[in-house]
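In: Return atomic coordinates for the entry below.
(one chain, ligands or ions: 1)
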Amino acid sequence: MGILNVTPDSFSDGGRFAGLDAARRHAEQLAEDGAAIIDIGGESTRPGAADVSESQELDRVIPVIEALRESIDLPISIDTSKATVMREAVAAGATMINDVLALQEADALQAAVGLGVTVCLMHMQGRPRTMQADPQYDDVTLDVTAFLGDRAAECIEAGIARELIIIDPGFGFGKTHAQNVELLANLRQLQTLGLPVLVGLSRKSTLGELTGRDVDDRLPGSIAAAVVAVMHGAQIVRVHDVRETVDALKVASAVLSIGKKK
Ligand code: 9MG
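Out: Residues are numbered from 1 along each chain as shown. Coordinates of the predicted model:
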């Protein structure tokens with residue numbers, strides 16, 4: 001999954017793709033580099049980020065989705081927590097909802113039920129403005145797994161088909177660096193839920209903490225994280241650097257496919 005942030009303040013790409021032409025060119029590059037899905041977001045979810053109004057978010061993402069529907073033959077995911085943005089994005093051509101709040105905002109669950117598209121339910125403790133203050137867990141892996149299991153059950157009960165649900169532990173969303181590493185080490189635990197797992201670690205601060213690198217110098221760390229995630233059972237990785245990650249994952253997949261034959 002290639003990331004297309006159309007926010008003026010994205011932490012990892014400095015908002016370089018906020019203009020329509022720049023966004024389209026970048027999405028085309030992600031597609032050429034081997035992305036299987038393009039994830040478009042108009043609200044920054046980085047720690048401390050301010051809220052964005054519904055109309056601002058719509059103004060940012062809808063023209064981009066409309067433009068990409070014409071020029072790119074890939075599924076488009078809308079990264080949003082707002083029901084209206086979900087509905088308008090799907091009407092414009094998106095076929096997946098990536099919700100960092102796991103459809104817990106007002107009307108979001110009903111919107112997703114009605115739209116009948118794939119949904120990614122992500123775990124977050126707290127909210128972006130304050131989530132890194134002092135995250136607490138009894139056991140981060142078991143707590144995150146329990147939350148995602150409960151959310152998935154609620155979504156299925158509300159009418160979302162099980163086959164349309166993807167889960168995501170939400171690296172960096174209300175987790176210390178140590179908790180992120182522990183979660184990655186124990187990622188296989190999420191497979192007990194029997195749902196596809198999506199992981200987003202690309203350029204995140206835990207990689208900065210581990211490597212001592214600034215955000216624009218975290219490519220090797222991001223590739224390592226994507227490979228570890230896939231080796232530990234992730235089916236989808238959400239990344240900025242698609243070409244390099246796809247190459248690395250071709251190597252990982254070759255190794256994994258031998259393991260599966262035995
Ligand atoms: C929008 N966004 C930022 N980080 C993310 C992550 O780790 N997972 C998902 N699903 N979305 C994310």
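
In: in what helix or strand does Asn113 lie?
Out: Careful, residue 113 is Val and not Asn. Taking DSSP states H and E as the definition, one finds Val113 inside helix 108-115.

In: Residues touching that helix, excluding its own?
Out: By CB atoms under 8 Å, 6 or more residues apart in numbering, the surrounding residues in contact with helix 108-115 are 81-84, 86-87, 90, 97, 99, 101, 103, 119, 154-155, 158-160. To be clear about C-beta, it is placed using only N, CA and C from the backbone, and glycine gets the same treatment.

In: Just the buried subset of those residues, written out for ChimeraX, thanks.
Out: Typed into ChimeraX, the next command selects the buried ones out of the contacts of helix 108-115 (criterion: 16 or more other CB atoms under 10 Å):
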select :81,82,83,86,87,90,97,99,101,103,119,155,160
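
In: Can you flag which of the contacts of helix 108-115 belong to helices?
Out: Judged by DSSP state H, helices contain the following of the contacts of helix 108-115: 83-84, 86-87, 90, 154-155, 158.

In: And the residues you listed, which is closest to the ligand?
Out: Taking CB to the nearest ligand atom as the measure, the ligand sits nearest to Met86 out of the ones in helices among the contacts of helix 108-115, at 13.9 Å.

In: Excluding chain neighbours, what is closest to the closest one?
Out: Among residues not flanking Met86 along the chain, Ala111 sits closest, at 4.6 Å (CB to CB, 6 or more residues apart in numbering).

In: And for Ser205?
Out: Computed as CB to CB, 6+ apart, the closest residue to Ser205 that is not its neighbour in sequence is Gly172, at 6.5 Å.

In: and if you look at Val242?
Out: By the measure of CB to CB, 6+ apart, the closest residue to Val242 outside its immediate chain neighbours is Asp33, 4.0 Å from it.

In: Please identify which helix or strand holds Ser77.
Out: Using DSSP H and E, Ser77 sits within strand 76-79.

In: and that strand, what other elements does it pack with?
Out: Helices and strands in packing contact with strand 76-79 are listed as strand 38-41, helix 54-71, helix 83-92, strand 96-99; criterion 3 or more CB pairs under 8 Å, 6 or more residues apart in numbering; DSSP states H and E.

In: Could you rerun that using 10 Å?
Out: Packed against strand 76-79 by the contact rule (3 or more CB pairs under 10 Å, 6 or more residues apart in numbering; DSSP states H and E) you find strand 2-5, strand 38-41, helix 54-71, helix 83-92, strand 96-99, strand 118-122.

In: Next, format those as TSV and append distance to the ligand and mean pLDDT.
Out: Formatted as TSV, the helices and strands packed on strand 76-79 follow (distance: least, CB to the nearest ligand atom, whole Å; pLDDT from 0 to 100):
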stretch	distance to the ligand	mean pLDDT
strand 2-5	8	96
strand 38-41	5	97
helix 54-71	12	95
helix 83-92	13	98
strand 96-99	5	98
strand 118-122	4	98
